[in-house]
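Asker: Here's my sequence, what's the structure:
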Amino acid sequence: MKEKVYQPQAEHSANIMGSGGLEVLATPALVAFMENLAFEALQEQLSPEESSVGTQMIIDHLAPSLTSQAIHVQITNWQTEGRKHTFHVQAHAGQRLIATAQHRRVVVTIERFLEKLP
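Answerer: Residues are numbered from 1 along each chain as shown. Predicted structure coming up:
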């Protein structure tokens, strides 16, 4: 399965993102890393006229990590049902499991999707 290492920066802290008051990796930043990996994995399989949009994220942020720690994110399971793709994702800081998530994406035709905007 696909994996990627993310190098958080100071702007990924809970204090700066506004999701908490500590200088630790913010849950919204962790969600973005996990969603990015799923997006990239799926995009590799799509035509240039297609993309995907996130429709669901269920995350268990299990342990804190410093913004100076590399975050290793990996897809552990990928299920497909038509246009819907469900990813099971894990994140580690060193050897420590810091989060698990289930993330759903739906494949869209870019032009048709953008036509729905006001």
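Asker: Neighbouring strands - and their directions - for the helix or strand residue 105 falls within?
Answerer: With secondary structure defined by DSSP states H and E, residue 105 is part of strand 96-109. Strand 96-109 pairs in its sheet with strand 50-61 (antiparallel), strand 84-93 (antiparallel), by DSSP bridges.
Asker: Would you mind giving the ones you listed as TSV with mean pLDDT added?
Answerer: Output for the strands paired with strand 96-109, formatted as TSV (pLDDT from 0 to 100):
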stretch	mean pLDDT
strand 50-61	98
strand 84-93	98
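Asker: Mind checking those for the one nearest to residue 71?
Answerer: Taking CB to CB, strand 84-93 is the member of the strands paired with strand 96-109 nearest to residue 71, at 5.5 Å. The way it works is simple: take the backbone N, C-alpha and C, and place the C-beta from them, glycine included.
Asker: Which residues outside the closest one are in contact with it?
Answerer: Contacts to strand 84-93, defined as CB atoms under 8 Å, 6 or more residues apart in numbering, come from residues 25, 30, 33-34, 37-38, 41-42, 52, 55, 63, 65-66, 69-80, 97-107.
Asker: Mind doing that once more with 6 Å?
Answerer: 34, 38, 42, 65, 69, 71-79, 98-106 (CB atoms under 6 Å, 6 or more residues apart in numbering).
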